[in-house]
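Participant: Sequence first, predicted model second:
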Amino acid sequence: MTAPRTLTLLGSTGSIGTQAEQVVLANPEAFTVRAISAAGSNIPELARQAVALSVEQVAIASEDAIDELTRALNDLSGPGARLPQILAGPDAAVEVAGNGADVVLNGITGSIGLRPTLAALAAGSTLALANKESLIVGGPLVTAAAAPGQIVPVDSEHSAIAQCLRSGRSQEVRRLVLTASGGPFRGRSREELTTVTPAQALKHPNFAMGRVVTTNSATLVNKGLEVIEAHLLFGVDYEQIDVVVHPQQQIHSMVEFHDGSTIAQAGPPRMLVPIALGLSWPDRLPDIDTPSDWSTASTWEFHPLDDQAFPAVRLARQVGEAGGTHPAVYNAANEVCVDAFHDGTIGFLDIVDTVAQVVDAHRAGPSAYPGSAVAEGRVSALSGVESGPQGNDSPARSVDDLSVDVVLAADQWARECAQELIGQSSQGESQS
Ligand SMILES: NC(=O)C1=CN([C@@H]2O[C@H](COP(=O)(O)OP(=O)(O)OC[C@H]3O[C@@H](n4cnc5c(N)ncnc54)[C@H](OP(=O)(O)O)[C@@H]3O)[C@@H](O)[C@H]2O)C=CC1
Ligand SMILES: CC(=O)[C@@H](O)[C@H](O)COP(=O)(O)O
Ligand SMILES: [Mn+2]
């Protein structure tokens with residue numbers, strides 16, 4: 001019998017993290033969890049997981065939550081029990097990501113997951129990657145840091161493609177076809193999207209996921225990010241990556257081969273199989289989920305994407321093709337806009353419109369917004385670079401010039417640029 005794999009679960013309290021816990025508890029002979037990590041906004045849940053999984057380390061981003069976590073662990077463990085080591089602060093997730101576990105699952109949301117992703121790769125762990133943002137913002141930094149096969153995709157579409165490519169005939173691939181649910185607003189025109197609310201945007205047709213990825217599914221930014229993710233993971237050119245709207249999400253994605261054959265991976269729209277495969281790759285564990293039901297009449301539909309109502313995928317292709325810091329700017333501006341949408345500061349259409357403006361400003365350099373903080377260099381001064389996100393006046397650094405600091409400076413610049421645009425538009429509205 002082989003020894004259980006050691007795991008570190010980053011973002012353990014989230015949608016991906018709790019489903020990973022479910023997989024681990026159902027397969028105790030396959031896995032032991034060494035460490036878990038979260039932001040610290042749900043300490044009772046984190047402490048419960050720490051005890052249920054008997055972990056050695058618990059990491060939280062918020063130092064303010066140390067006392068509450070210590071108390072909760074003491075209460076749950078009982079007198080005399082050995083408590084796990086607690087790590088707290090902005091580097092806590094990076095530290096446990098680098099603890100050398102066999103597999104590190106990155107289920108953190110957002111570009112904050114970049115340094116944990118790099119730490120896991122540097123430690124030689126297999127990276128089960130749900131946190132697509134870290135791959136997208138890091139781009140070639142992440143792919144260059146990974147040995148062949150070291151990143152196992154957990155995102156359902158990319159897990160599907162990896163499964164379709166298991167025969168290893170990548171030279172025969174003609175195109176990748178990513179499926180998209182179309183989100184809760186599928187079929188609406190741009191005009192009809194003007195008044196949709198945050199509560200409506202959070203009603204994903206098939207998946208219960210965190211707030212950011214659910215909102216991104218509604219705007220189709222998620223699919224835009226996934227096109228870039230597919231390019232980076234599988235080395236396929238952008239023009240050979242298609243998106244098709246498939247509302248039932250029973251097919252998770254497909255690979256078309258050069259003889260005209262297409263292999264699709266199917267299953268119910270749930271994340272248990274991609275998560276379990278991420279942890280046990282290349283092996284499949286038995287009885288992880290129930291398969292698609294072929295015994296009753298059902299219809300699977302496929303529709304073209306409406307680029308007019310949902311321009312996020314087109315924009316993502318542009319930033320992906322541009323490379324360098326452009327994908328980081330797209331993602332960071334979107335993270336800010338998602339928060340602003342949920343705060344009620346901007347409308348639904350403003351999310352992608354603002355991201356497009358920030359991307360344009362980044363492409364054009366610091367003079368794009370005369371009189372603004374961006375143009376005056378205040379924003380770039382704040383982010384610790386000389387002028388604009390690239391540290392010079394050119395629109396984008398070459399890939400060779402990328403470093404974690406450059407990417408994170410671009411991310412910070414984009415956040416401040418987006419905040420400024422949001423501020424300008426809400427000021428304009430209050431004056432009118
Ligand atoms: N949910 C899904 O089905 C899918 C998700 N993904 C991707 O997986 C990732 C996670 O998504 P999801 O699980 O839905 O998100 P959730 O919002 O449900 O969970 C996010 C997790 O990240 C933690 N976290 C947030 N900030 C930090 C930080 N600074 N340091 C450490 N941990 C942090 C949260 O902790 P806390 O609870 O303390 O706030 C929480 O555990 C995203 O990148 C998403 O795009 C991809 C495909 C499917
Ligand atoms: C489950 C998963 O992988 C999500 O990223 C999913 O793709 C969301 O679906 P849509 O973005 O297509 O709505
Ligand atoms: Mn996905």
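Facilitator: Now that the structure is in, tell me what you want to look at. Numbering: from 1, shown residues only. Ligands and ions are numbered 1, 2, ... in the order given.
Participant: how about the CA coordinates for stretch 228-238, as PDB?
Facilitator: This file holds the C-alpha atoms of stretch 228-238, laid out as PDB (Å, rounded to 0.1, in the frame of the first residue of the first chain):
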ATOM      1  CA  ILE A 228      -5.900  33.000 -20.900                       C
ATOM      2  CA  GLU A 229      -5.600  30.100 -18.500                       C
ATOM      3  CA  ALA A 230      -6.000  27.600 -21.300                       C
ATOM      4  CA  HIS A 231      -3.400  29.300 -23.400                       C
ATOM      5  CA  LEU A 232      -0.900  29.300 -20.500                       C
ATOM      6  CA  LEU A 233      -1.600  25.700 -19.400                       C
ATOM      7  CA  PHE A 234      -1.800  24.000 -22.700                       C
ATOM      8  CA  GLY A 235       0.400  26.200 -24.900                       C
ATOM      9  CA  VAL A 236      -2.400  26.600 -27.600                       C
ATOM     10  CA  ASP A 237      -2.600  29.900 -29.600                       C
ATOM     11  CA  TYR A 238      -5.500  32.200 -28.800                       C
END
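Participant: do that stretch and ligand 3 meet at all?
Facilitator: No: shown here: stretch 228-238 not in contact with ligand 3 (C-beta under 5 Å from the ion), separated by at least 8.5 Å. (Each C-beta comes from the backbone N, C-alpha and C, glycine too.)
Participant: chain center to that stretch: distance?
Facilitator: How far stretch 228-238 lies from its chain's middle: 15 Å, per C-alpha atoms, centre = their mean, to the nearest Å.
Participant: quick one: average pLDDT of it?
Facilitator: The average pLDDT for stretch 228-238 rounds to 98.
Participant: What are the buried residues along that stretch?
Facilitator: For stretch 228-238, a neighbour-count test (16 or more other C-beta atoms under 10 Å) marks 228-234, 236 as buried.
Participant: between those, which is closest to ligand 3?
Facilitator: For the buried residues of stretch 228-238, the minimum distance to ligand 3 (C-beta to the ion) is 8.5 Å, reached by E229.
Participant: Distance check, V24 against D67.
Facilitator: From V24 across to D67, the span is 28 Å (C-beta to C-beta, to the nearest Å).
Participant: my bad, should have said L114
Facilitator: Distance, L114 to D67, by C-beta to C-beta: 29 Å.
Participant: what do you get for I136?
Facilitator: Using C-beta to C-beta, I136 is found at 36 Å from D67.
Participant: Output the buried residues of stretch 228-238 in a markdown table; the columns should cover secondary structure and distance to ligand 1.
Facilitator: Below are the buried residues of stretch 228-238 laid out as a markdown table (DSSP: H, G, I helix; E, B strand; the rest coil; distance: C-beta to the nearest ligand atom, whole Å):
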| residue | secondary structure | distance to ligand 1 |
| --- | --- | --- |
| I228 | helix | 13 |
| E229 | helix | 10 |
| A230 | helix | 13 |
| H231 | helix | 17 |
| L232 | helix | 14 |
| L233 | helix | 13 |
| F234 | helix | 17 |
| V236 | coil | 20 |
